[in-house]
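Colleague: what follows is a predicted structure for the sequence shown.
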Amino acid sequence: MARKQAQWVLVAAGVVTASLLPAWGCVQRSLQGPLPTGGPRGPYSLVDQARTRNVDILFAIDDSESMSNEQTNLKAQFSVLMNTLQQVPGGLPNLHLGVVSSDLGAGNYTTIPGCREIGGDKGALGMVKGTDLGAQCIGAGQHYIVDVEPQWCPITKSPQEEGVTCTADSCDQSNCDVVAGQGEYLTLVHDSTTGCPRCVNYTGTLEDVFNCYASLGVDGCGFEHQLESVRRALDESLTPQNTGFLRQDAILAVIWMSDEDDCSSNKPDRLFNPDPNKNRMNSDLGPLTSFRCFEFGITCDVNDRTVMGLRGNCTPRFDDQAMLYPVSRYTSFLESLKDPLRLIVAAIVGPVPDKVEVELDAQQRPKLSFSCLDPVHSNEGGVPGIRFNAVIGHFSDDTDMREWAFTSICSTDFSYALHGVGNKLAEGMADICPVHPFDGCRNGPAGTSCAPCLPTCSVLDVEQRNTDQEKTLLVHWCGELCRHGLCRKDDLQPCGYDEAGRCRCPDGTYPTKIDDEEGCAPLQYPNGNPEFAAPPIEATDPALARLIPRQEPTCMGRDCPGGTEGVASACWFVSANTTCSFGAGFKVVESAALPPRTFTAAWCATVQPTEHHCFDGLDNDQDCLVDQADPDCQGR
């Protein structure tokens, strides 16, 4: 069957005005939640409320002498990442692409080959050995690639198997001027393949400009500071020339590529000391090779440079004698920039086996054996990326680590990593809200508390997540449930207004609004559904210990019960359909002042789909029909 082609129009900042995707681009997936009330609580699911199509991608590329083939492979396969992003709903997202080298020099020493510049490239985007690749490949004054969609102009798009095509738009240069950041010079162009308007700061194709921009060469320092260079590149106080690359509302992806493990030293003037008296096997530092990075940055079950052979249990060092920064410096820094749900990291580096091997080189100096071999040059390969493994593993689960987040530098095929990053970015952009927040909800007889079905859920907004300012706020349920089911307009009785103009209602009815008409109705939960209250506050749960009530001012275009305090970001409601599947759940409400790092957390009880026990006296499927009174039990 041919798939029906839909069209939609994007206006302003990418708001979908025709219904291609349900619930503003929500993805269908069930939330994990606890058992029903009274049982143990499980982990809640978090949903990113600050919808974005902005993506910042930073490539951290080793530019030491053995990286020529790997750089060539990356540039040749860059299109894998872009093709994956083209298939995101709405087409190519709003991109910032940056490249930073691994060269931060070797302390204050300038006599070590490849490390003659103090500070190296200093974490500046597009800089390599004094050459500004941004100016050379992108344009004067441009330090990173910009490729974004114009704003405030209608764009008609048609979804295709390989993304979208644009059939009409009314964009002009002014719609690019409004999206240009400080120092960005954007020009309106139309993509030759999709026909979509884009605002770019380069000429030619995106693949061609990246090919030039990512050509770092192989003259960089062999004491690679891969992790520290990323930290400096993303810290605008250290690299003000990079200002604008990192956007507050963007999803950040960092991709490292190196055949050496990280050697980000906190004591570079000691670790890289080239004094001949130190450059000996029996000195306190040992020979001046990259083995110093291993010895003073990694600890194993054997920690003696004179002992050759296998070593196990190797992990990053963080003791007082270590001379590399602890990896927590980098995981904490990245978490300070982005919530982990808006952060993607990947490394194309040397694999990490259960045991690493130390051997002697031709000059009888200790060296770490390759954990993989270059398929082209047998004398080259990758050494175990133990510090990389710790950083990537901090943010990635085992499946992601195995499939794409931690892949081998010796492979000629980098598509697993690039495709994986692209898919993860697509997931982050699409994962705005769940349309199936609970399972097994069943309607019961009219006139009961089970009509319509009502999930047992608690929904919380989490603002400034993973920061010192984090606070968790209860999102009030915005549905109106009358005693017979969802309230209808004919349930309303006239208000009796007092002198202050407040609606006063007869006994058994309560003030409410239905379709903007105020009146009195027989509300089932006039003070809020107790099943939607926050989970019990536990001393071991610091987020819930900061729980404070919140009143949502709007819900699906009408006032919510209980007040008008706070900024609207999300609203929980139950729809009146008979299956309680699609349409029952979150509805994003646009806000002009959404706090940063705003997520929604939900605990939902999982209800049995049928009355699976017919003689236990319990309403297993919560439809107000118990045991033999439930049709599920007929004949059982």
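Modeller: On my side now, so go ahead.

Colleague: what's the average pLDDT for stretch 366-385?
Modeller: Averaged over stretch 366-385, pLDDT sits at 92.

Colleague: so which bits of that stretch are buried?
Modeller: Going by neighbour count (16 or more other Cβ atoms under 10 Å), the buried part of stretch 366-385 is 366-368, 370-372, 374, 380-385. Bear in mind the C-beta positions are built from the backbone N, C-alpha and C, glycine included.

Colleague: determine which two of these are furthest apart.
Modeller: Within the buried residues of stretch 366-385, two members stand farthest from each other by Cβ to Cβ: 366 and 374, at 21.4 Å.

Colleague: rewinding a little: among the buried residues of stretch 366-385, which ones are in strands?
Modeller: Under the assignment DSSP state E, the buried residues of stretch 366-385 contribute 366, 367, 368, 372, 381, 382 to strands.

Colleague: contact partners for the nearest residue to the fifth one once chain neighbours are set aside?
Modeller: Meaning residue 381. Nearest residue to residue 381 in three dimensions, chain neighbours excluded: residue 370, at 3.3 Å (Cβ to Cβ, 6 or more residues apart in numbering). Residue 370 is in contact with 350, 381, 382, 383, counting by Cβ atoms under 8 Å, 6 or more residues apart in numbering.

Colleague: for the residue nearest to residue 138 when sequence neighbours are not counted, give me its contacts.
Modeller: Nearest non-adjacent residue to residue 138, counting by Cβ to Cβ, 6+ apart: residue 202, 4.8 Å away. The neighbours of residue 202, taking Cβ under 8 Å, 6+ apart as the test, are 137, 138, 139, 142, 145, 146, 147, 209.

Colleague: how about TSV for the residues you listed, with neighbour count added?
Modeller: TSV is the format used below for the contacts of residue 202 (neighbours: other Cβ atoms under 10 Å):
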residue	neighbour count
137	21
138	25
139	18
142	24
145	26
146	25
147	21
209	21
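
Colleague: among these, which are in strands?
Modeller: 145, 146, 147.

Colleague: that older thread, name the nearest of the contacts of residue 370 relative to residue 507.
Modeller: residue 350 (75.6 Å).

Colleague: in the stretch 151-300 of the chain, which spans are strands?
Modeller: With DSSP state E, counting those that start in this stretch, the ranges of strands along the stretch 151-300 of the chain come out as 155-160, 163-169, 187-190, 197-200, 251-257, 298-299.

Colleague: can you tell me which of these is nearest to residue 391?
Modeller: Closest approach to residue 391 among the strands of the stretch 151-300 of the chain (Cβ to Cβ): strand 251-257, 8.5 Å.

Colleague: any idea how many residues pack against the nearest residue to residue 52 once chain neighbours are set aside?
Modeller: Spatially, and ignoring its direct neighbours in sequence, residue 52 is nearest to residue 249 (4.9 Å; Cβ to Cβ, 6+ apart). When counting by other Cβ atoms under 10 Å, one arrives at 13 neighbours for residue 249.

Colleague: just residue 394 next, same as before
Modeller: 16.

Colleague: and the contacts of the helix or strand where it lies?
Modeller: Using DSSP states H and E, residue 394 sits within helix 386-395. Applying Cβ under 8 Å, 6+ apart, the contact partners of helix 386-395 are 226-227, 256, 258, 261-262, 297-298, 314-316, 324, 327, 330-331, 334, 340, 343-347, 349, 352, 356, 401, 405-406.

Colleague: cutoff 7 Å now
Modeller: Residues from elsewhere that reach helix 386-395, judged by Cβ atoms under 7 Å, 6 or more residues apart in numbering: 227, 256, 261-262, 297-298, 314-316, 327, 330-331, 340, 343, 345-347, 349, 352, 401, 405-406.

Colleague: derive a ChimeraX selection command for the buried subset of those.
Modeller: Here is the ChimeraX command that selects the buried residues among the contacts of helix 386-395 (16+ other Cβ under 10 Å):
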select :227,256,261,262,297,298,314,316,327,330,331,340,343,345,346,347,349,352,401,405,406
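
Colleague: now, the contacts of helix 386-395 that are in helices?
Modeller: Residues of the contacts of helix 386-395 located in helices (DSSP state H): 227, 330, 331.

Colleague: quick check, the second one in contact with residue 229.
Modeller: No. With contacts defined as Cβ atoms under 7 Å, residue 330 does not count as touching residue 229, sitting 10.6 Å away.

Colleague: could you list the low-pLDDT ranges of the stretch 501-636 of the chain?
Modeller: Across the stretch 501-636 of the chain, the ranges flagged by pLDDT under 70 are 514-516, 524-595, 598-610, 612, 621-622, 636.

Colleague: ok, now with 90
Modeller: Scanning the stretch 501-636 of the chain with the threshold set as pLDDT under 90 gives 501-503, 506-636.

Colleague: now for residue 270: which residues touch it?
Modeller: residue 323.

Colleague: for residue 82, what are phi and psi?
Modeller: phi -70, psi -40 (degrees, to the nearest 10).

Colleague: looking at this protein, which helix or strand is least sure?
Modeller: The least trusted helix or strand in the chain, going by mean pLDDT, DSSP states H and E, turns out to be strand 27-30, with a mean of 23.

Colleague: so what pLDDT did residue 399 get?
Modeller: On the pLDDT scale, residue 399 gets 94.

Colleague: how much space is there between it and residue 405?
Modeller: Noted for residue 399: a distance of 9 Å to residue 405, by Cβ to Cβ, to the nearest Å.

Colleague: now do the buried residues in stretch 323-334.
Modeller: Of the residues in stretch 323-334, those buried by neighbour count under the rule 16+ other Cβ under 10 Å are 323, 324, 325, 326, 327, 329, 330, 331, 334.

Colleague: okay if I get those residues as CSV plus pLDDT and distance to residue 393?
Modeller: Shown next, in CSV, are these (pLDDT from 0 to 100; distance: Cβ to Cβ, whole Å):
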residue, pLDDT, distance to residue 393
323, 98, 23
324, 98, 17
325, 98, 17
326, 97, 15
327, 97, 10
329, 97, 16
330, 98, 12
331, 97, 10
334, 97, 13
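
Colleague: turn those residues into CSV, including distance to residue 463.
Modeller: Formatted as CSV, the buried residues of stretch 323-334 follow (distance: Cβ to Cβ, whole Å):
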residue, distance to residue 463
323, 40
324, 36
325, 31
326, 30
327, 29
329, 26
330, 25
331, 22
334, 20
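
Colleague: biggest separation within those residues, which pair?
Modeller: So, the buried residues of stretch 323-334 by Cβ to Cβ: farthest apart are 323 and 334, at 22.3 Å.

Colleague: quick one, strands of the stretch 1-150 of the chain?
Modeller: Going by DSSP E, counting those that start in this stretch, the stretch 1-150 of the chain shows strands at 8-11, 15-16, 27-30, 45-48, 54-61, 94-101, 127-128, 131-132, 145-148.

Colleague: and these, which one's lowest on average pLDDT?
Modeller: Minimum mean pLDDT among the strands of the stretch 1-150 of the chain: strand 27-30, a mean of 23.

Colleague: and residue 377, backbone torsions?
Modeller: Per degrees, to the nearest 10, the backbone of residue 377 is at phi -110, psi 110.

Colleague: domains for this protein, by residue range?
Modeller: Domain assignment for the chain by automatic domain parsing gives 31-51+434-487+523-605, 54-430, 606-636.
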